[in-house]
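1. Quick check, what structure comes out for this input:
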Amino acid sequence: MDEEKVTPEEKAEEDTHKHLKKSSKQAEIDKLTAELAEAKDMLLRTAAEFDNYKKRTTREKEAIYSEVTAMTVGKMIPVLDNLERASSAGGDAAQIQKGVEMTLKQFCDALNSLGVGEIETKIGDPLDPNFHNAVMQTQNPELPEGCVGCVLAKGYKIGDRVIRHAQVAVTNQ
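-> Numbering: from 1, shown residues only. Model prediction:
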């Protein structure tokens, strides 16, 4: 078998071609390595920003909670003052009754100023589990079954959020 003889020029051209091929592969590897480093840097920055965001929102929540608590307690302290005065004051039953009524009104006003409202519940209303908590059954032939027969404790809400469901007795037949 005849082997082809490679001239030094052909050998040099082949080496140059291989070198160019290696150079282009190396350039591609370098390019991908740079893109990877850039993506890694962006990922690290995004993770750090997200961590900072979580810490900032946690601090903001705590500050808001403290502010709301202080505002709420600030509305209740005058009621407490009046209850303390009433407990140490003497007087007849009519005066005590009047003082309790005034303090009750002051407390209701404080709740209203905080956006707390009563859940309107009347005898004969159909039971609504979104607003009512049936704690017992009662008999009332004048009302259909499954209605509010008696309100045992008022319910309260802020906006659409129920704070406490109204506790009711439900009619049965």
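
2. Domain-wise, how is this structure divided?
-> Here the domain assignment for the chain is 9-114, 117-173, based on automatic domain parsing.

3. At which residues are the helices of the protein located?
-> Taking DSSP state H as the criterion, the chain contains helices spanning 8-88, 93-113.

4. which one of those helices is the most hemmed in?
-> Ranked by mean neighbour count under mean count of other Cβ atoms under 10 Å, these are led by helix 93-113, which reaches a mean of 13. Bear in mind the C-beta positions are built from the backbone N, C-alpha and C, glycine included.

5. how big is the angle separating that one from helix 8-88?
-> Using axes from the mean of the first three to the mean of the last three Cα atoms, to 10 degrees, the inter-axis angle of helix 93-113 relative to helix 8-88 is 170 degrees.

6. what bridges to Thr156?
-> In this structure residue 156 is Tyr, not Thr. Beta-bridge pairing of Tyr156, defined through DSSP bridges, involves Glu118, Arg164.

7. show me the contacts for it.
-> Tyr156 is in contact with Leu111, Val116, Gly117, Glu118, Ile119, Val162, Ile163, Arg164, counting by Cβ atoms under 8 Å, 6 or more residues apart in numbering.
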